[in-house]
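**Q** please find the sequence and the predicted model below.
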Amino acid sequence: MRSFRPRRLTALVALTTLLVIAAPPTAVNAAGKPGRSTGYHRVGYFTQWGIYGRAFPVKKLDTSGAASRLTHVNYAFGNVSEDGRCYVDGGPGEGDAWADYQRPVPAQESVDGVADAWGEPLNGNFGQLAKLKAKHPGLQVMISLGGWSWSTYFSNAARTDASRRAFVASCIDLYLKGNLPVLDGGSGGPGAAAGVFDGIDLDWEWPNWPGEPGNVIRPEDRENFTKLLAEFRRQLDAYGRQTRQHHPLTAFLPANPATMDAGYEGRKIFKYLDFATVQGYDFHGTWETVTNQQSALRVPKGAPDDPDFSVEVAVDGWIARGAPRHKLVLGIPYYGQGWTGVTGGGNGLFQPAAGPAPATHAAGYEDYKQLKNLAGNGFTVHRDLRAGHAWLFDGTTFWTYDDPAVVLQKTLYIRRAGLGGAMIWSLDGDDDNATLTRTIGLGLTTW
């Protein structure tokens, strides 16, 4: 495997700095304020299921060098029950308690090289996250609630004062106090996971806006989301007075301006959030029949959709709605969207396609660690330096993705725009050298 080369990225720093500085003003940079010089958040989502097909245990965050370059790890995901509670359930589609804290992790996958024994109170991913924090004391771990598949009942949880109080209390009890259900064999129990999680990340997709089919949606979700954040902040602060710690509260926010208006009270929500991560990807994908960018910094020239989505559109949209720029953390994808059966010639961009491209785990969706091997192996890398995106094309198959050059350009955009940092979806898409995470670390290093 090709090793990480700092010199190559140093050259990219010079190139991408010029590209960002040369960019025309937007609502973000027109004010002329300098970027933040300290305290950038570097947030990575660790997926519960990544230990299976992707063979990505918590240990890889340590051995790859990723953990030392992150400020937060968000564990994806915690579920919300129909009656509005945080809960762990091993039933089909409802959770994976085995992966969370029951699975005995073998020595070769363990952060400290010590194997778990069957039935210990804290095994699995939770136990390994505890070991990772012991090795990297500055790293904070958040439980991320919801996600695309588990946002079904957020509206129920947020509906009334009573439901909000009960929901928040259940989440703090389960995850921060660590009172886990006892499973077969004995894993879990009162305080079993105490100290693993430092705070709460809300990934409600989306208040008062369609997400996964079947989600409960109400017009009052918009106001209730703000009230839910207020209740989380109140109870987290009360718990923090006991632990003598600050327990952070964050949220994942959409890129679509229409979704912003339907589901969020703009400026009000940031009163309660330490920061918010902003969707910087899935602008286009294989649900469409024309190839396109999924994560460009700016809308490319010649884009077929007007209006269109981009990082700039998303960030400017939140700032226009009252978001403090230093509380906006830009999401960066460690995967690509791909089409095959592309016709029309040229470089493949904005061309008709027959359907999703074949891929390792799901058609049309491929991790960076796989896509990077396509360059030079029948595929050509194309770049739009002005718009800030890259893609691979072999004449038939097209992949839009972020490589180190694009990621570095985005970190320089973060600095210039005065944003709060970068977020990663998801850490298991990177290679064994954590090339993309190292690039974010380099780009957001304070000089």
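**A** Nice, thanks for sending it over.
**Q** what pLDDT does Leu297 get?
**A** Model confidence at Leu297, expressed as pLDDT, equals 98.
**Q** mind listing what the residue nearest to it when sequence neighbours are not counted touches?
**A** Leaving out its chain neighbours, the residue that sits closest to Leu297 by C-beta to C-beta, 6 or more residues apart in numbering is Gly388, at 2.9 Å. All C-beta atoms are positioned from the backbone trio N, CA, C, and that covers glycine. Each residue near Gly388 by C-beta atoms under 8 Å, 6 or more residues apart in numbering is listed here: Leu19, Ala296, Leu297, Arg298, Val311, Val406, Gln409, Lys410, Tyr413.
**Q** biggest separation within those residues, which pair?
**A** Across these, no pair lies farther apart than Leu19 and Val311, at 13.8 Å, counting by C-beta to C-beta.
**Q** look at the two and report which has more neighbours.
**A** Val311 (29 against 18; other C-beta atoms under 10 Å).
**Q** quick one: low-confidence residue ranges for this structure.
**A** 1-38, 90-93, 447 (pLDDT under 70).
**Q** now the helices for it?
**A** 6-21, 59-63, 97, 124-135, 154-157, 161-171, 221-243, 257-263, 311-320, 368-371, 404-417, 435-443 (DSSP state H).
**Q** dump the ones you listed into a markdown table; add distance to Thr47 as well.
**A** Shown next, in a markdown table, are these (distance: least, C-beta to C-beta, whole Å):
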| stretch | distance to Thr47 |
| --- | --- |
| helix 6-21 | 26 |
| helix 59-63 | 12 |
| helix 97 | 16 |
| helix 124-135 | 10 |
| helix 154-157 | 20 |
| helix 161-171 | 19 |
| helix 221-243 | 23 |
| helix 257-263 | 23 |
| helix 311-320 | 23 |
| helix 368-371 | 14 |
| helix 404-417 | 19 |
| helix 435-443 | 15 |
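**Q** still on that earlier bit, of the contacts of Gly388, grab the buried ones for ChimeraX.
**A** Of these, the buried ones can be selected in ChimeraX as follows, counting by 16 or more other C-beta atoms under 10 Å:
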select :19,296,297,298,311,406,409,410,413
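**Q** and stretch 343-356, how far out from the chain's middle?
**A** 29 Å (C-alpha atoms, centre = their mean, to the nearest Å).
**Q** quick check: closest non-adjacent residue to Asn292.
**A** With sequence-adjacent residues excluded and distances taken as C-beta to C-beta, 6+ apart, Asn292 is closest to His284, at 3.6 Å.
**Q** so what's that neighbour up against?
**A** Applying C-beta under 8 Å, 6+ apart to His284 gives the contacts Asn292, Gln293, Gln294, Phe309, Gln337, Thr400.
**Q** list the buried residues in the top strand by length along the chain.
**A** Criterion DSSP state E: the longest strand present in the chain is strand 72-80. Residues of strand 72-80 classed as buried: His72, Val73, Asn74, Tyr75, Ala76, Phe77, Gly78, Asn79, Val80 (neighbour count, 16+ other C-beta under 10 Å).
**Q** quick check: phi and psi on the residue nearest to Pro104 when sequence neighbours are not counted?
**A** Distances taken as C-beta to C-beta, 6+ apart put Asp116 closest to Pro104, at 4.0 Å, once the chain neighbours are dropped. Main-chain dihedrals, Asp116, degrees, to the nearest 10: phi -80, psi 150.
**Q** follow-up on the earlier one: the residue nearest to Asn292 and Phe252, how far apart?
**A** 19 Å (C-beta to C-beta, to the nearest Å).
**Q** again with Val216
**A** Val216 is 18 Å from Phe252, by C-beta to C-beta.
**Q** of the two, who's got more company?
**A** Counted by other C-beta under 10 Å, Val216 and Phe252 do not tie: Phe252 has more neighbours, with 25 against 14.
**Q** quick check: that one touching Gly280?
**A** No. Counting by C-beta atoms under 8 Å, Phe252 stays clear of Gly280, with 10.9 Å between them.
**Q** now do the shared contacts for those two.
**A** In the contact map built from C-beta under 8 Å, 6+ apart, the residues linked to both Phe252 and Gly280 are Gly331.
**Q** check contacts around the closest residue to Asp430 other than its chain neighbours.
**A** Leaving aside its sequence neighbours, Asp430 sits nearest to Leu436 (C-beta to C-beta, 6+ apart; 4.9 Å). For Leu436, the contact set (C-beta under 8 Å, 6+ apart) comprises Ile332, Tyr334, Tyr368, Asp402, Pro404, Val407, Ile424, Gly429, Asp430.
**Q** quick check: Leu436 vs Ala405, distance?
**A** 11 Å.
**Q** next: Asp316.
**A** Taking C-beta to C-beta, one finds Asp316 at 23 Å from Ala405.
**Q** so these two - more neighbours on which side?
**A** Between Asp316 and Ala405, counted using other C-beta under 10 Å, the more crowded position is Ala405 (21 against 18).
**Q** from Tyr40, how far out is the residue nearest to Leu297?
**A** Taking C-beta to C-beta, one finds Gly388 at 19 Å from Tyr40.
**Q** same thing with Tyr175?
**A** Tyr175 is 26 Å from Tyr40, by C-beta to C-beta.
**Q** again with Arg244
**A** Per C-beta to C-beta, Arg244 is found 26 Å from Tyr40.
**Q** neighbour count: these two, which is higher?
**A** More crowded of Arg244 and Tyr40, by other C-beta under 10 Å: Tyr40, with 23 against 6.
**Q** please give me every residue in contact with the closest residue to Leu183 other than its chain neighbours.
**A** Nearest residue to Leu183 in three dimensions, chain neighbours excluded: Gln102, at 5.0 Å (C-beta to C-beta, 6+ apart). Going by C-beta under 8 Å, 6+ apart, Gln102 touches Asn123, Gly124, Leu183, Asp184, Gly185, Ser187, Gly188.
**Q** what residues does the residue nearest to Pro104 make contact with?
**A** Contacts of Asp116 by C-beta under 8 Å, 6+ apart are Arg103, Pro104, Val105, Pro106, Ser110, Asn123, Gly124, Gly127.
**Q** what about the last one, neighbour count?
**A** Going back to what we said before, that points to Gly127. Neighbour count of Gly127, defined by other C-beta under 10 Å: 26.
**Q** ok, the third one next?
**A** Other residues near Val105 come to 22 when the count uses other C-beta under 10 Å.
**Q** all numbers from here: first residue = 790
**A** Let's use 790 as the start, then, which means that last one is Val894.
**Q** I'd say it and Gly913 touch.
**A** Yes. The criterion here is C-beta under 8 Å, and Val894 meets it with Gly913 at 6.7 Å.
**Q** tell me the strands beside the longest strand of the chain, with direction?
**A** Sheet pairing of strand 861-869 (DSSP bridges) gives strand 830-836 (parallel), strand 875-876 (antiparallel), strand 929-935 (parallel).
**Q** which one of these is the most hemmed in?
**A** Most buried of the strands paired with strand 861-869 by mean neighbour count (mean count of other C-beta atoms under 10 Å) is strand 830-836; its value is a mean of 25.
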